[in-house]
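*Asks:* I need the structure of the sequence given here:
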Amino acid sequence: MNYLYDYHIHTTYSTDGNNTILEVCKSAVEKGLKEIAITDHFEPTRRNENYSEYKPNEYKLEIEKIREIFNGKLKIKMGIELGQPQHFLNSSKSIVNSMPYDYVIGSAHKLSDDTDFSEFDYKNVPLENACSAYINELKQLVSQADFDCVGHIDLIKRYSTDCYKRRVSLLTQQELLKEVFNILILQGKGIEINTSGLRQSPKETMPGIDVLKLYRELGGEILTIGSDSHYAQDVAKGLDIAIENAREAGFKYLTIFTNRVPEFIKISYKNDFYYMDNRKII
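*Replies:* Modelled structure (predicted):
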């Protein structure tokens with residue numbers, strides 16, 4: 001039976017989170033999860049490089065308190081999602097070094113001028129060019145930043161699918177994407193399968209199976225799964241599909257982290273999934 005976990009969860013310690021850590025943990029236990037990582041946003045901008053909205057000390061204390069409540073029922077890892085750390089190396093490094101994080105996601109949400117990819121001018125930019133702009137941000141991120149896994153590595157499809165009215169794949173710039181993966185793999189870093197795309201316009205995980213297969217073919221091994229939930233009700237959603245995709249892409253193991261050290265857990269046979277048990281998690 002798979003050790004089911006969710007390694008991308010936001011709470012009210014993110015400005016866009018809607019439920020407390022306690023509420024998120026209750027949802028995780030109800031859905032049969034064994035482990036979660038709380039990964040609230042550290043999202044600096046040029047006008048707010050230290051991102052004062054993030055409260056690391058309060059965050060740490062609450063996680064410690066909640067761990068006591070769920071002791072023996074749920075492992076709760078302390079994580080963080082760094083937004084565009086390649087453009088804010090000092091503040092990102094400082095926050096990561098200030099707390100005993102178990103897991104660090106590095107994500108490219110914005111361009112260097114603070115333009116969010118949700119606001120990118122997709123209508124006037126060909127798909128190939130949009131992919132190049134995004135992958136170049138990823139290349140800077142994986143080359144310069146301190147993180148464990150890249151978050152939602154084909155994020156732009158969340159915002160551009162409706163505009164282009166077709167499936168968006170980073171493989172339109174495959175050689176450039178290979179460069180990113182080769183750097184990532186050489187550094188011993190990984191990616192996640194983010195299931196939020198299943199709930200949004202793309203209707204597939206991030207990355208999709210094609211990008212996931214390329215990562216594996218190039219030698220990628222470190223792979224986590226996460227819902228990217230901003231509501232407690234979305235915790236664990238789509239994890240069954242994430243595990244299916246991992247297996248189809250050729251992965252035999254998923255990854256969890258403690259004190260930022262990876263540990264590999266074997267993907268068990270299809271008929272042993274938690275989601276095929278009597279407990280319904282989606």
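*Asks:* And the helices in the stretch 151-282 of the chain?
*Replies:* Taking DSSP state H, counting those that start in this stretch as the test, the helices found in the stretch 151-282 of the chain are 156-164, 174-186, 209-217, 239-248.
*Asks:* And Ser112, how far from Leu22?
*Replies:* For Ser112, the distance to Leu22 (CB to CB, to the nearest Å) stands at 37 Å. (Glycine included, C-beta is placed from N, CA and C.)
*Asks:* So between the two, which is more surrounded?
*Replies:* Leu22 (15 against 11; other CB atoms under 10 Å).
*Asks:* Can you say which helix or strand has that one in it?
*Replies:* Per DSSP states H and E: Leu22 is located in helix 21-30.
*Asks:* okay, the residue nearest to the spatial centre of the chain: pLDDT?
*Replies:* Centroid check for the chain by CA atoms, centre = their mean gives Gly151 as the closest residue, at 3.5 Å. In this model, Gly151 is scored at 98, pLDDT.
*Asks:* again, but for the one 10 residues further on
*Replies:* Thr161 carries a pLDDT score of 79 in this model.
*Asks:* Not including adjacent chain positions, what is the nearest residue to it?
*Replies:* Ser201 (4.3 Å; CB to CB, 6 or more residues apart in numbering).
*Asks:* Over to Thr195?
*Replies:* Here the residue nearest Thr195, using CB to CB, 6+ apart, is Gly238, at 3.0 Å.
*Asks:* Next, the angle from the least confident helix or strand in the chain by mean pLDDT to helix 209-217.
*Replies:* Within the chain, confidence by mean pLDDT, DSSP states H and E is lowest for helix 156-164 among all helices and strands, at a mean of 81. Counting by axes from the mean of the first three to the mean of the last three CA atoms, to 10 degrees, helix 156-164 lies at 150 degrees to helix 209-217.
*Asks:* hmm, back to that, give the next helix or strand downstream of the helix holding Leu22.
*Replies:* strand 35-42.
*Asks:* Could you name the helices and strands sitting against that next one?
*Replies:* strand 5-9, helix 21-30, helix 56-69, strand 75-83, strand 103-107 (3 or more CB pairs under 8 Å, 6 or more residues apart in numbering; DSSP states H and E).
*Asks:* who does that strand pair up with?
*Replies:* Strand pairing for strand 35-42, determined by DSSP bridges: strand 5-9 (parallel), strand 75-83 (parallel).
*Asks:* now those in CSV, with mean neighbour count and mean pLDDT?
*Replies:* Output for the strands paired with strand 35-42, formatted as CSV (neighbours: other CB atoms under 10 Å; pLDDT from 0 to 100):
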stretch, mean neighbour count, mean pLDDT
strand 5-9, 28, 98
strand 75-83, 23, 98
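*Asks:* Just put these in TSV and tack on distance to Ile209.
*Replies:* Formatted as TSV, these follow (distance: least, CB to CB, whole Å):
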stretch	distance to Ile209
strand 5-9	19
strand 75-83	23
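*Asks:* circling back: and the residue nearest to Thr161, its phi and psi?
*Replies:* phi -50, psi -40 (degrees, to the nearest 10).
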